[in-house]
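>>> My questions concern the predicted model and sequence given below.
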Amino acid sequence: MVGFIGFGFSVESNNRPLREYAYPDQEPPNTKTIYLEVPPSDFPLPFKIRVATNLPVVDLGYCVTLTVDGIKDAYSKQVASWQRNPTGFIYDGIRIYTPDATAAITRELLLKPLETTEENEETYVNPKDIGSIIIKINKIVGTTELAGLYWQHQGYALEGKISEKKLKGSSSSHCAGIGREIGKISKPMGFTWKLEDPQYTLRFLYRSRAALQSLGIVAQEPPPYRIKREWDEVDLILDITSIKREPDTNFKEEPNVKMEPNLKQELRRFLLSTFSGVWSAKRWPAAPFAGGGLWLGAGSTSRATPRQFVWV
């Protein structure tokens, strides 16, 4: 949860807050910006916005206004007031005006991957608004009665694809969608609030992990560690003098190949213990070893191939 001027804010999906990262650049006065990591998903993710406060509860409290991707909530909310929401509230969605603008219906908010096209698609959405959740806070100092119908332009949700040219220079990876109706109809209160300056602004910039890595907000993940094993070809020498030589074998005898007795004994013990399982499985026929001799092969038992048999 992000702390700001006595309030706490978090954006949650599937009952979990999205991971938050500090904004590294300089900011305008009375403004705080936080990056959010959108988890990967094959379908649009519903999300909510939690607002909490530990400020002293007063008569009028504070005015909170929500804008998502340039779409304004139809009405502001009152918080830290004896009248409404003394300790906070949750945005379950965003309130969208009815066609006659006399009321508003709460609709689900969704996070969905941004789809782009090379074609110059027409859209009413400002590309600079995509990928942003903006919350503005003012202290309420009074009220003013409405003389007529209260209405404000809400903006447009992005439908379909957006031109890559319009997104040039943007790091946005996702956009907000408007989902199903989830709440009752809300109506204006018949008055507006008088607000005190300064106005405080909290900005959430939601991005995929890959987009945050490209911005340097999240460290690049190292490539997976790979162990490369290269087998050097080694001549294996084996002296088996206790096996009877078959008369029909056609192996070349090399009488001049000699070996020190101790080394010979150690090598025989090692090779017999190592390759006995291979021979017992009859991977190679027993005939080549008849009469005793030297087996020359590769260093890997699974890839060994006959090279030369030498009599000792």
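Structure received.
>>> May I have stretch 155-171 as PDB, with CA atoms only?
Provided in PDB are the C-alpha atoms of stretch 155-171 (Å, rounded to 0.1, in the frame of the first residue of the first chain):
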ATOM      1  CA  GLY A 155     -13.700  10.500 -21.700                       C
ATOM      2  CA  TYR A 156     -13.600   7.300 -23.800                       C
ATOM      3  CA  ALA A 157     -12.400   3.700 -23.200                       C
ATOM      4  CA  LEU A 158     -10.100   2.200 -25.700                       C
ATOM      5  CA  GLU A 159     -11.900  -0.300 -27.800                       C
ATOM      6  CA  GLY A 160      -9.900  -2.600 -30.200                       C
ATOM      7  CA  LYS A 161      -6.400  -1.700 -31.400                       C
ATOM      8  CA  ILE A 162      -4.400   1.500 -31.400                       C
ATOM      9  CA  SER A 163      -1.900   2.700 -33.900                       C
ATOM     10  CA  GLU A 164       1.700   2.100 -33.100                       C
ATOM     11  CA  LYS A 165       2.500   5.600 -34.400                       C
ATOM     12  CA  LYS A 166       0.300   7.100 -31.700                       C
ATOM     13  CA  LEU A 167       2.100   5.100 -29.000                       C
ATOM     14  CA  LYS A 168       5.500   6.100 -30.200                       C
ATOM     15  CA  GLY A 169       7.700   6.900 -27.100                       C
ATOM     16  CA  SER A 170       5.200   5.400 -24.700                       C
ATOM     17  CA  SER A 171       6.000   2.500 -22.400                       C
END
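>>> neighbouring contacts of it?
Contact partners of stretch 155-171, identified using C-beta atoms under 8 Å, 6 or more residues apart in numbering, comprise 67, 69-72, 114-121, 123-125, 127-131, 175-178, 207, 211, 214-215. Glycine gets a C-beta too; all of them are placed from N, C-alpha and C.
>>> Buried among the residues you listed? Need that as a selection in ChimeraX.
A single ChimeraX command selects the buried members of the contacts of stretch 155-171 (16 or more other C-beta atoms under 10 Å):
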select :67,69,70,71,72,114,125,127,129,130,131,175,176,177,178,207,211
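>>> packing partners for the helix or strand Tyr200 falls within?
Using DSSP states H and E, Tyr200 sits in strand 191-208. Identification of packing neighbours for strand 191-208 by 3 or more C-beta pairs under 8 Å, 6 or more residues apart in numbering; DSSP states H and E yields strand 2-4, strand 7-13, strand 31-38, strand 132-145, strand 174-186.
>>> Could you tell me the least trusted of those?
Of all the helices and strands packed on strand 191-208, the minimum mean pLDDT falls on strand 174-186 (a mean of 90).
>>> about what we covered before: quick one, which of the helices and strands packed on strand 191-208 is nearest to Leu109?
Nearest to Leu109, of all the helices and strands packed on strand 191-208, is strand 174-186, at 6.1 Å by C-beta to C-beta.
>>> ok, the strand holding Tyr200: who's next to it in the sheet?
strand 31-38 (parallel), strand 132-145 (antiparallel) (DSSP bridges).
>>> Packed most tightly, which of those strands would that be?
For these, the largest average neighbour count (mean count of other C-beta atoms under 10 Å) is found in strand 31-38, namely a mean of 20.
>>> which secondary structure elements does the helix or strand following it contact?
With elements assigned by DSSP H and E, the helix or strand that comes after strand 31-38 is strand 45-46. Judged by 3+ C-beta pairs under 8 Å, 6+ apart, the packing partners of strand 45-46 are strand 104-113.
>>> neighbouring strands for the strand it packs on, and are they parallel or not?
Paired neighbours of strand 104-113 in the sheet (DSSP bridges): strand 45-46 (antiparallel), strand 93-97 (antiparallel), strand 174-186 (antiparallel).
>>> and the ones you listed as a markdown table, adding distance to Lys32?
Below are those laid out as a markdown table (distance: least, C-beta to C-beta, whole Å):
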| stretch | distance to Lys32 |
| --- | --- |
| strand 45-46 | 24 |
| strand 93-97 | 21 |
| strand 174-186 | 20 |
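>>> Can you say which of the ones you listed is packed in most?
Taking mean count of other C-beta under 10 Å, strand 93-97 is the most buried of the strands paired with strand 104-113, at a mean of 21.
>>> these two touch, right, Leu109 and Arg180?
No - in terms of C-beta atoms under 8 Å, Leu109 does not count as a neighbour of Arg180; the distance is 10.7 Å.
>>> my guess is Leu212 is in a helix, correct?
Yes - looking at Leu212 with DSSP: H, G, I helix; E, B strand; the rest coil, it is inside a helix.
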